[in-house]
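J.: Turn this into a model:
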Amino acid sequence: MKVLLSCCLLLFSSLAPASSQADKVVVHKSSYSLSLVRDGQVFKRFWIALGSAPFGHKTREGDQRTPEGRYLLDYKKADSAFYKAIHIDYPNADDLARARAMGVPPGGRIMIHGQRSGFNPRVQPSNWTNGCIALLNQDMDELWAAVAPGTPIEIYP
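T.: Residues are numbered from 1 along each chain as shown. Next up, the predicted model:
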């Protein structure tokens, strides 16, 4: 019995962390969804809010758009003004070149974040960010636990 219990504990302890870890995050702006993906399979989906001009690729600072393309979630920020935040490594080299050619600043500080600190409703309005991706705080807790710095994110129109 002791051997069986030890085997079960070992099995569950080795599976638990891996089962909740994403190897990719996928955002579909048109359906306001953020999906956690592991081994090519979506295992969790969240409803998101975007900026006030959600459609189209971010081209400049202040355009209220969320970038589109492939990026990395490069660091976590526990002391964010928006509950918790995970930084998206926008702008990349292509974004910088595009902005330079247009003669505009590319913008930056694009994050996936929870709600403004001190504000925690059960629902959130659409399109209230400045181009970031926002989740409800309880959803942000799940995302926070499921991704590590270096996780790729793909953002689609």
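
J.: Following element in sequence after the least confident helix or strand in the chain by mean pLDDT, please.
T.: Counting by mean pLDDT, DSSP states H and E, the weakest-scoring helix or strand in the chain turns out to be helix 2-19, with a mean of 39. Of the helices and strands lying after helix 2-19 in sequence (DSSP states H and E), the nearest is strand 24-28.

J.: Buried residues, that following strand. List them.
T.: Within strand 24-28, the residues that qualify as buried by neighbour count (16 or more other CB atoms under 10 Å) are 24-27. For every residue, glycine as well, the C-beta is placed using N, CA and C.

J.: And for stretch 83-102?
T.: Within stretch 83-102, the residues that count as buried by 16+ other CB under 10 Å are 83-92, 95, 98-99.

J.: Including pLDDT, could those go into CSV?
T.: Compiled in CSV, the buried residues of stretch 83-102 are given as follows (pLDDT from 0 to 100):
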residue, pLDDT
Tyr83, 88
Lys84, 94
Ala85, 96
Ile86, 98
His87, 97
Ile88, 97
Asp89, 96
Tyr90, 96
Pro91, 96
Asn92, 94
Asp95, 94
Arg98, 93
Ala99, 92
